[in-house]
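1. Attaching a predicted model along with its sequence, questions to come.
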Amino acid sequence: MELYVDTANIEHIRECAKLGFVSGVTTNPSLLALEDPSVDIKKRILEIYETIGGHLSVEVISTDTNGMLREADEILSWFPEATIKIPMIPGGLAAVRQLSARNIPTNVTLVFSTTQAIAAANAGASYVSVFMGRLDDIASSSKQVLDEVCEIWDVQGYDSLIIAASIRHPQHIVDAALAGADIATVPYKVLMQSIAHPLTNLGLEKFLADYDKMQTEKQKFMSL
Ligand code: G3P
């Protein structure tokens, strides 16, 4: 399972690009607004793309098919490798079908049910983003939905890649990987939590302290 970072924060994306285990970025209008509501979106998106050098999903804000297609063309004029993120609504599925016929990668977002995922795959989505945290927030089981989607993908052989999105904590990453998701898109804070462990820090402290002790002993011996 690949890991993407779910953010529009350029500093965090720079950090992730250096870390070596993050291969893409997903954004949405809320994440862009969170950083700086007055941001020049095109400038920020291009900055993100140049920084990560991998997958970048950029979301449209139109709610009608023609508007989404116009926006997709505009985003593609910024950089042709863009994946166009489209909401899971009827007009969105029609846009996905047309973009897919032009071999333009799409990421269907705001997927909360197994049947929505199936419809997105049939429309030709390259990626289907199943939201975990927001399902758990309303006492639905995101694990159950993701397990079902992944099992159906195996049985039916759908080509769309499954993204586990709306990740809130490291256990969501584990659940997504166990279910068989292709990608988890994770907030920066949760990515950093997922690679940290107190025993790693304690172990490193001890290794370094023992090394220093050894050097001190060696110096004492040499000065005899
Ligand atoms: O990329 C969209 C998704 O990951 C949003 O997450 O935390 O706002 O539900 P969240």
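-> Looks like it arrived, so ask away.
2. neighbouring strands for the helix or strand S129 falls within, and are they parallel or not?
-> Assigned by DSSP states H and E, S129 falls within strand 127-131. Taking DSSP bridges as the criterion, strand 127-131 forms sheet pairs with strand 106-111 (parallel), strand 161-165 (parallel).
3. pLDDT at Q219, what is it?
-> At Q219, the predicted lDDT confidence score is 87.
4. For L224, see how far away G24 is.
-> Taken as CB to CB, to the nearest Å, the spacing of G24 relative to L224 amounts to 58 Å. No exception for glycine: its C-beta is placed from N, CA and C like everyone else's.
5. And the helices in this protein, which stretches?
-> 10-19, 29-35, 41-52, 65-78, 90-101, 114-123, 133-137, 142-156, 170-179, 188-195, 198-222 (DSSP state H).
6. which one of the ones you listed lies closest to the ligand?
-> Across the helices of the chain, the minimum distance to the ligand, taken as CB to the nearest ligand atom, is reached by helix 133-137, at 4.5 Å.
7. List the contacts of the closest one.
-> Applying CB atoms under 8 Å, 6 or more residues apart in numbering, the external contacts of helix 133-137 come out as F112, S141, S142, V145, S166, I167, R168, H172.
8. ok, now with 7 Å
-> Helix 133-137 has contacts (CB atoms under 7 Å, 6 or more residues apart in numbering) with F112, S142, V145, S166, I167, R168, H172.
9. Kindly report the same for stretch 19-37.
-> If you take CB under 7 Å, 6+ apart as the criterion, stretch 19-37 is touched by 2-9, 13, 16, 39, 41, 44, 48, 52, 54-59, 61, 85, 165, 185, 191.
10. Buried members of those residues into ChimeraX, please.
-> When burial is assessed using 16 or more other CB atoms under 10 Å, the buried subset of the contacts of stretch 19-37 is captured in ChimeraX by this command:
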select :2,3,4,5,6,7,8,9,13,16,41,44,48,52,55,56,57,58,59,85,165,185,191
